[in-house]
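Peer 1: Got a sequence here, can you model it:
(one chain, ligands or ions: 2)
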Amino acid sequence: KRLILIGPPGSGKGTQSPLIKDEYCLCHLATGDMLRAAVAAKTPLGIKAKEAMDKGELVSDDLVVGIIDEAMKKPSCQKGFILDGFPRTVTQAQKLDEMLAKQGANVDKVLNFATDDAILEERITGRWIHPSSGRTYHTKFAPPKAPGVDDVTGEPLIQRRDDTAEVLKSRLEAFHRQTEPVIDYYAKKGLVANLPAEKPPKEVTVEVQKALS
Ligand code: AP5
Ligand code: ZN
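Peer 2: Ligands and ions are numbered 1, 2, ... in the order given. From the prediction side, this is the model:
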């Protein structure tokens, strides 16, 4: 399966991805995670991406298309993949179609994590992450067993630099202006499944399974 997860910041893409990944044996390609790793490692890509990310703006299409093109070639991605956070502009969607067409492939489904903006600030400001595994917690909705510590490794959790109410505003604006047209792009192709992403995580998982069955 070749799946795309689209939704505003905090809508649950990263929370549902590992579950879908395990059930269907797909690779999980999250452009945000890849960019954050590049920023942390201070690679040339990370240095270019950091400023836009800190402001909650999108990184240039060329940069993200380059990293996805590279990542999709991994052997583990040959059976299929989950794109989490990509494509986020119509240009990125067109480039993805071109990349897939070269392999005689296409997108199978687009899961649209539909939510009201009003619930997202609480989700974003309460999020804590275990950086090396990508495990995500929430102080209220998915608390770790011990505060500030990863359940599995006992290592400390961190918050993302862009997870402030202020930066969320720009991220949401970018979503509405640049990413919502991508949903229309795929809706015209009949590929979009709308998920009620404001429901509790387990109920969203059931909806994902229904959409993919
Ligand atoms: P990215 O990392 O993709 O961030 P985002 O799209 O803003 O999405 P989030 O990761 O914030 O949300 P999520 O949907 O994964 O939420 P989660 O499941 O963690 O991008 C970051 C930046 O990188 C961008 O701003 C941009 O600069 C750049 N970038 C990335 N891709 C790009 C691209 N293609 N083009 C250009 N630039 C790009 O959930 C959030 C919280 O809520 C968690 O704490 C979780 O526990 C909790 N939660 C989840 N589901 C539920 C639920 N159902 N009920 C209650 N709580 C829940
Ligand atoms: Zn995410």
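Peer 1: Every contact and neighbour count from this point should use C-alpha atoms.
Peer 2: OK.
Peer 1: which stretches of the chain form strands?
Peer 2: Along the chain, counting by DSSP state E, strands occupy 2-6, 27-30, 81-84, 109-114, 127-129, 136-138, 192-196.
Peer 1: Direction included, what does the third one pair against?
Peer 2: The strands beside strand 81-84 in its sheet (DSSP bridges) come out as strand 2-6 (parallel), strand 27-30 (parallel).
Peer 1: quick one on the thing from earlier: now the strands of the chain as TSV including mean pLDDT, mean neighbour count and distance to residue 61?
Peer 2: Below are the strands of the chain laid out as TSV (pLDDT from 0 to 100; neighbours: other Cα atoms under 10 Å; distance: least, Cα to Cα, whole Å):
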stretch	mean pLDDT	mean neighbour count	distance to residue 61
strand 2-6	97	22	16
strand 27-30	95	22	15
strand 81-84	97	23	15
strand 109-114	97	21	20
strand 127-129	97	22	26
strand 136-138	95	19	27
strand 192-196	98	19	22
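Peer 1: list the buried ones in stretch 10-22?
Peer 2: By 16 or more other Cα atoms under 10 Å, the buried positions in stretch 10-22 come out as 10, 11, 12, 13, 14, 15, 16, 17, 18, 20.
Peer 1: Dump those into TSV; add distance to ligand 1 as well.
Peer 2: Below are the buried residues of stretch 10-22 laid out as TSV (distance: Cα to the nearest ligand atom, whole Å):
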residue	distance to ligand 1
10	3
11	4
12	3
13	4
14	4
15	4
16	6
17	8
18	10
20	13
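Peer 1: Counting only helices, which of those residues make the cut?
Peer 2: The helices, defined by DSSP state H, take in 13, 14, 15, 16, 17, 18, 20 from the buried residues of stretch 10-22.
Peer 1: would you turn the residues you listed into a markdown table with distance to residue 38?
Peer 2: Below are these laid out as a markdown table (distance: Cα to Cα, whole Å):
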| residue | distance to residue 38 |
| --- | --- |
| 13 | 20 |
| 14 | 18 |
| 15 | 21 |
| 16 | 23 |
| 17 | 21 |
| 18 | 21 |
| 20 | 25 |
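Peer 1: So which bits of this structure are right by ligand 1?
Peer 2: Contact residues, the chain versus ligand 1 (Cα under 6 Å from any ligand atom): 8-15, 31-33, 52-53, 56-61, 64, 85-88, 123-124, 126-127, 136-138, 141-142, 171, 197-201.
Peer 1: Mind checking which of those residues are buried?
Peer 2: 8-15, 31-32, 53, 56-59, 64, 85-88, 123-124, 126-127, 136-138, 171, 197-198.
Peer 1: Against residue 112, how distant is the residue located most distally from the centre of the chain?
Peer 2: Distance from the centre of the chain peaks at residue 146, with 26.2 Å (Cα atoms, centre = their mean). Separation of residue 146 from residue 112 (Cα to Cα, to the nearest Å) stands at 33 Å.
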